[in-house]
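# just to be clear, the model below is a prediction. Sequence and coordinates:
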Amino acid sequence: MRSTIVGLVLAAAFIAALFAADRLRSPVAEGPSPSIAAGKVGPGFTGISHIGNWTLACAPPVKTAPIPLDLTPKNRRDNVPRQSVLGRCRIILLARLRGDPRRVAVATVFRLIGPGKILTMIVHIPPGPKAGDIVVVRAAGKAFRVPVGGCRPKECVAVGGIPPTAERTFLSAQTLGFVVPTGKAGKQSAMEVPARALGEAVQAMRRAER
């Protein structure tokens, strides 16, 4: 059965902040054992750590203004505040084109957002789709629909808060599959990327932001 990542009501300011904060720059590199690399990340960690296929990047703590963001399912609209902030850490995985390794086919970013530290997936894809189009993400045998929230000339961004009931599925995934709209007469492109140690990377990110 197909599941749905929580839909977002995205304000223009939030989309602009995502473009500014999550440009496709950080390379993925293999490091030591994921458990060893993750174990070195403690509360207050700043810097970069390579955990499996993921890059954990944590900026120093700074005062940030709240960003208007609604992560709440319709049936729980009173339980989560509408004003949320981006966490200072992110984990990043870049999938590059084999024929042109300088080009990024899809970039997957996970961040913690809001006072509840909701695990949120941010998918950068090539331009072409429009706001409201759906990126399908396959993880551990299940499919999740992530809506495109906005586009700029060089990329589009799809964003979805991950419900706690879906976290275990994501954290156990060894690969992530993507079905990406191209914006051309309903055509789509599909790819699968390794996601080794996603669980360890998310746990390290949560620990760093304590």
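Here it is on my side, so go on.

# which residue sits closest to residue 62, ignoring its sequence neighbours?
What sits nearest to residue 62 in space, not counting adjacent residues and going by Cβ to Cβ, 6 or more residues apart in numbering, is residue 88, at 7.3 Å. Yep, even glycine has a C-beta here, placed from its N, CA and C like the rest.

# before we move on, what about residue 35?
Taking Cβ to Cβ, 6+ apart, and ignoring the residues beside it in sequence, residue 35 has residue 200 as its nearest neighbour in space, at 6.2 Å.

# quick check: which element contains the one you found?
Per DSSP states H and E: residue 200 is located in helix 198-208.

# isn't the residue nearest to residue 35 up against residue 32?
No. Under the contact definition of Cβ atoms under 8 Å, residue 200 does not touch residue 32, with a separation of 11.7 Å.

# rewinding a little: list the strands paired with the helix or strand where the residue nearest to residue 62 lies, with their directions.
According to DSSP H and E, residue 88 maps onto strand 86-96. Here strand 86-96 is paired, per DSSP bridges, with strand 54-58 (antiparallel), strand 104-113 (antiparallel).

# tell me the angle of the last one relative to helix 198-208?
Spelled out, it's strand 104-113. Interaxial angle, strand 104-113 versus helix 198-208 (axes from the mean of the first three to the mean of the last three Cα atoms, to 10 degrees): 40 degrees.

# what does strand 104-113 rub up against?
Applying Cβ atoms under 8 Å, 6 or more residues apart in numbering, the contact partners of strand 104-113 are 22, 24, 69, 71, 84-87, 89-97, 118-126, 161, 176, 178, 180, 191, 193, 195, 198, 201-202, 205-206, 209.

# coming back round to it: higher neighbour count, residue 200 and residue 32?
Shown here are residue 200 and residue 32; by other Cβ atoms under 10 Å, residue 200 has more neighbours (23 against 13).

# ok, the more buried one - contacts?
With contacts taken as Cβ under 8 Å, 6+ apart, residue 200 has the following neighbours: 34, 35, 37, 38, 51, 52.

# distance of it from residue 33?
Applying Cβ to Cβ, to the nearest Å, one obtains 9 Å for the distance of residue 200 from residue 33.

# wasn't residue 14 part of a helix?
Yes. Under DSSP: H, G, I helix; E, B strand; the rest coil, residue 14 falls within a helix.

# per-residue pLDDT, it?
Residue 14 carries a pLDDT score of 72 in this model.

# now do the SS call for the residue located most distally from the centre of the chain.
When each C-alpha in the chain is compared with the mean C-alpha position (Cα atoms, centre = their mean), residue 185 comes out farthest, at 26.8 Å. State at residue 185, reduced to three classes by three-state DSSP: coil.

# tell me the contacts of it?
Taking Cβ under 8 Å, 6+ apart as the definition of contact, residue 185 has no neighbours.

# relative to residue 128, how far out is it?
Distance of residue 185 to residue 128, computed by Cβ to Cβ: 11 Å.

# thought the residue nearest to residue 62 was touching residue 209?
Yes. At 6.6 Å, residue 88 and residue 209 qualify as touching, with contact defined as Cβ under 8 Å.

# of the two, who's got more company?
residue 88 (20 against 17).
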